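Participant: for reference, the sequence and a predicted model appear below.
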Amino acid sequence: MAIAASEDDDLSIRELRRRLEEAEETLRAIRDGEVDALMVRNPRREDEVFTLEGGTSYYAFMEAMDLGAAAFDEGNRLLYANKALRKLLRLPMEQIDANHLGQVLDDETRAEVRSLMDEAREVKKTTEISIFLGNEELHLLVSAAPLQLGANRGLAVTFTDITGKVRAAAAEASERAAHSIIASANEAVVVCDVSGLVTHANAAVTSICAGSPVGQLFSDAIPLMLPDATGLLQAGDIVALAVSGTSVQGIEAVVPNAPRVKDVLLSAAPLRVGSDKVSGCVITMVDLSQRKAAEKQQLLLMGELDHRVKNTLALVLSICKRTASTEETVDGFQSAFSGRIQALAATHNLLADRSWSSISIAEVVSAELEPFVSSAQARLTVEGLDAWVMPRAAIALGLVVHELATNAVKYGALSNESGRVLVNVTKSADEAWLGIEWLESGGPAVRAPSKRGFGQTVITRSLQYMPSGGADIEYPPAGVRCRIRVPDQDVVRVG
Amino acid sequence: MIEDMTGAASPPEALKLVLYVAGQTPKSLAAIANLERICAETGPGKYVVEVVDLKKSPQLAREHNIVAIPTLVRQLPTPIRKIIGDLSDREKVLVHLKIGE
């Protein structure tokens, strides 16, 4: 018995020693922070877990938050994700781990969040990411900060949904861009709401409307007349058409009260912002003043052209008739007629090059003499011909010079090798004309023509369309001499 | 939560281990991860491991008189041994389990 009793005592001592060691080890582990939960007995004598960080109230608070929040331990293991985060990222409601969270992110954002978490071990860090959940893009502000969980160091990560804010900022930027575009447009741009009230107008509108049209009905602010439209279409109808979804393009309109631009090309289109619903209309008005002025100029030019063509045809008919009456053979007629028509054409060409404004006498004389003699040749001397004349005088002068040159080539100074022609300008203050003198010398002895031909008539009468104009021709034996008078009214400037 | 972490049929000489945890507290998660690593490194198939979540089944604490969590119990071979903490000290764990004895 004694032996047995002794063995029992030994066992008790060994067991007690083991229990003491276990108790000491438990206390040491608690003191050293190696455990974070204890088994306690509640008032109902039931065992339950008591977590040392007192997490119950913390979790209850986190669950009630609208902000998505998660806690990670030192090894980046997900300890907890609150309801708001599970809902935001469409995570399962139970048993989630870091992998679930990782799957929501793509490679780029996963790396970004991981890097943020690594950096946030010491100090709070924040970044912005965007992810796609299905087709929906979500913009998130992710913030990570060190977190002490009882004896453990962890990381608190919050996810704030800023999608609405990002979209609002994008919409605001887009609106600013739209305003800049409207403001920068050269055309007048007016935006109306569905009731036709002007909500926006750019700077170009000030040339059409005195004062700001904003807040007024478009039809009142800018009263339009539509000359090409039937009475059925009025200015107000254009806004109504656009607001109902029908675009109107390129209607010419007149704005009688406009401060500067009265003729405009009007277009109106429905305004759709964000959805298919029409929220107003955009009206553009392009300045047609220059085009209208050009059209008027064109009409004037067409009238002028018609007048000139008629005059030219009458002149050609007259030349034809008179040439035919003075030439005795068909060949003679053909030669004389085509020469005169070519003379006419030469001056016409010069005038066309100058848009039928004034041209210089030198140019007319050179063009007419060119078929016969070059101004570079020593036998032709041209002096002081830098005066400019109007088209009427230029045509007449061209014909006169042509006749003189033809005559000189046939009978005068240009019919031999030694003759010379001098053309110079004379101008006296007491004369109502500009004088041009044609002097031949060195040619065969001149005899006055036995009968007056058409050439002589052309020379003397072409410039007689005014009393001060005309020409006198003389036939002294030394050489033909002709004094041409260009009326002052047709002389533009004397060089 | 009771799991067989080896996933294999238990050989007769296998160590039977029970890891007591309390839900997903940081130390519980760390202890699970550390034990998984030790088992994998020192010979898969050598252990039969049960993980007992006392948050779900608190009454199971009495079997091994568990007070602090996490605690790892070597149930077999006897005598029973307990290692308290998150098992981050690998050498201490191996000594207590007498691996290689």
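Facilitator: Arrived safely, thanks for sending. Residues are numbered from 1 along each chain as shown, chains lettered A, B, ... in the order given.

Participant: longest helix in chain A, please.
Facilitator: In chain A, taking DSSP state H as the definition, the longest helix is helix A:289-326.

Participant: can you name the element that comes right after it?
Facilitator: Heading C-terminal from helix A:289-326, the first helix or strand you meet, by DSSP states H and E, is helix A:330-353.

Participant: quick one on the thing from earlier: by contact count, what packs against the longest helix of chain A?
Facilitator: The criterion is 3 or more CB pairs under 8 Å, 6 or more residues apart in numbering or on different chains; DSSP states H and E, and the helices and strands that helix A:289-326 contacts are strand A:263-272, helix A:330-353, helix A:454-461. For the C-beta atoms, the positions are set from N, CA and C on the backbone; glycine is no exception.

Participant: those: which one's closest to chain B?
Facilitator: strand A:263-272 (52.0 Å; CB to the nearest CB).

Participant: can you list the domains in chain A?
Facilitator: With automatic domain parsing serving as the domain definition, the record reports that chain A contains domains spanning A:50-161, A:180-287, A:322-493.

Participant: gap between the residue lying closest to A:Ile341 once chain neighbours are set aside and chain B?
Facilitator: Distances taken as CB to CB, 6 or more residues apart in numbering or on different chains place A:Val316 nearest to A:Ile341, at 6.6 Å, with adjacent residues excluded. The gap separating A:Val316 from chain B is 112 Å, by CB to the nearest CB, to the nearest Å.

Participant: and A:Gly154, by the same measure?
Facilitator: Between A:Gly154 and chain B the distance is 7 Å, computed by CB to the nearest CB.

Participant: how is that residue assigned, secondary-structure-wise?
Facilitator: The three-state label for A:Gly154, taken from DSSP: H, G, I helix; E, B strand; the rest coil, comes out as strand.

Participant: immediately after the helix or strand of chain A with the lowest mean pLDDT, which helix or strand?
Facilitator: Every helix and strand of chain A was ranked by mean pLDDT, DSSP states H and E. The lowest is helix A:55-64, at a mean of 66. The C-terminal neighbour of helix A:55-64 among helices and strands, as given by DSSP H and E, is strand A:68-72.

Participant: what residues does the helix or strand following that next one touch?
Facilitator: Heading C-terminal from strand A:68-72, the first helix or strand you meet, by DSSP H and E, is strand A:78-81. Counting by CB atoms under 8 Å, 6 or more residues apart in numbering or on different chains, strand A:78-81 makes contact with A:59, A:62, A:68-73, A:91, A:96-98, A:100-101, A:149, A:154, B:24-26, B:29, all of which sit outside it.

Participant: what about 6 Å?
Facilitator: By CB atoms under 6 Å, 6 or more residues apart in numbering or on different chains, the surrounding residues in contact with strand A:78-81 are A:Ala70, A:Ala71, A:Phe72, A:Asp73, A:Ile96, A:Asp97, A:Ala98, B:Gln24, B:Pro26.

Participant: where does the last one land on pLDDT?
Facilitator: If you check B:Pro26, the pLDDT there is 83.

Participant: related to what we said a few turns ago, adding neighbour count and distance to A:Ser468, write the contacts of strand A:78-81 out as JSON lines.
Facilitator: Listed next are the contacts of strand A:78-81 as JSON lines, based on neighbours: other CB atoms under 10 Å in any protein chain shown; distance: CB to CB, whole Å:
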{"residue": "A:Ala70", "neighbour count": "23", "distance to A:Ser468": "107"}
{"residue": "A:Ala71", "neighbour count": "22", "distance to A:Ser468": "111"}
{"residue": "A:Phe72", "neighbour count": "23", "distance to A:Ser468": "110"}
{"residue": "A:Asp73", "neighbour count": "23", "distance to A:Ser468": "115"}
{"residue": "A:Ile96", "neighbour count": "18", "distance to A:Ser468": "111"}
{"residue": "A:Asp97", "neighbour count": "13", "distance to A:Ser468": "113"}
{"residue": "A:Ala98", "neighbour count": "17", "distance to A:Ser468": "109"}
{"residue": "B:Gln24", "neighbour count": "19", "distance to A:Ser468": "119"}
{"residue": "B:Pro26", "neighbour count": "26", "distance to A:Ser468": "119"}
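
Participant: list just the nearest of those to A:Ala210.
Facilitator: Proximity of these to A:Ala210, judged by CB to CB, is greatest for A:Ala70, which lies at 63.4 Å.

Participant: leaving out sequence neighbours, find the closest residue to the closest one.
Facilitator: A:Ala81 (4.3 Å).

Participant: so, low pLDDT: which residues of the chain?
Facilitator: Picked chain A for this. Of all residues in chain A, those with pLDDT under 70 make up the ranges A:1-11, A:53-60, A:149-152, A:229-232, A:274-275, A:374-376, A:494-495.

Participant: that answer is for a different chain, and I need it for chain B
Facilitator: Along chain B, the model assigns pLDDT under 70 to residues B:1-13, B:99-101.

Participant: distance-wise, check A:Val123 relative to A:Tyr80.
Facilitator: When distances are taken as CB to CB, to the nearest Å, A:Val123 and A:Tyr80 turn out to be 22 Å apart.

Participant: between these two, who's got more neighbours?
Facilitator: A side-by-side neighbour count of A:Val123 and A:Tyr80, using other CB atoms under 10 Å in any protein chain shown, places A:Tyr80 first with 23 against 9.

Participant: picking up where we left off before, format the helices and strands packed on helix A:289-326 as CSV; extra columns: distance to A:Ala204.
Facilitator: Shown next, in CSV, are the helices and strands packed on helix A:289-326 (distance: least, CB to CB, whole Å):
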stretch, distance to A:Ala204
strand A:263-272, 11
helix A:330-353, 39
helix A:454-461, 58
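
Participant: mind checking which of these is nearest A:Asp490?
Facilitator: Closest to A:Asp490 of the helices and strands packed on helix A:289-326 is helix A:330-353 (CB to CB; 12.9 Å).

Participant: run through who's touching the closest one.
Facilitator: Surrounding helix A:330-353, the residues in contact under the criterion CB under 6 Å, 6+ apart are A:319, A:323-324, A:327, A:359, A:363-364, A:367-368, A:391, A:394-395, A:398-399, A:402.

Participant: before we move on, what about stretch B:61-78?
Facilitator: Taking contacts as CB under 6 Å, 6+ apart, the residues outside stretch B:61-78 that touch it are A:26, A:29-30, A:35, A:37-39, A:47, B:16-22, B:27-28, B:31, B:54, B:81-84, B:97.

Participant: confirm A:Lys446 sits in a helix?
Facilitator: Heads up, residue A:446 is Val, not Lys. No: counting by three-state DSSP, A:Val446 falls outside a helix, being coil.

Participant: what count of nearby residues applies to it?
Facilitator: Neighbours of A:Val446 under the rule other CB under 10 Å: 18.

Participant: just to revisit the earlier point, want to throw the domains of chain A into a markdown table with distance to B:Cys39?
Facilitator: Rendered in a markdown table, the data for the domains of chain A read as follows (distance: least, CB to CB, whole Å):
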| stretch | distance to B:Cys39 |
| --- | --- |
| domain A:50-161 | 17 |
| domain A:180-287 | 59 |
| domain A:322-493 | 103 |
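
Participant: assign the most centrally placed residue in chain B to helix, strand or coil.
Facilitator: For chain B, the residue lying nearest the average C-alpha position, counting by CA atoms, centre = their mean, turns out to be B:Leu19 (3.4 Å). In terms of secondary structure, B:Leu19 is strand; the call rests on three-state DSSP.
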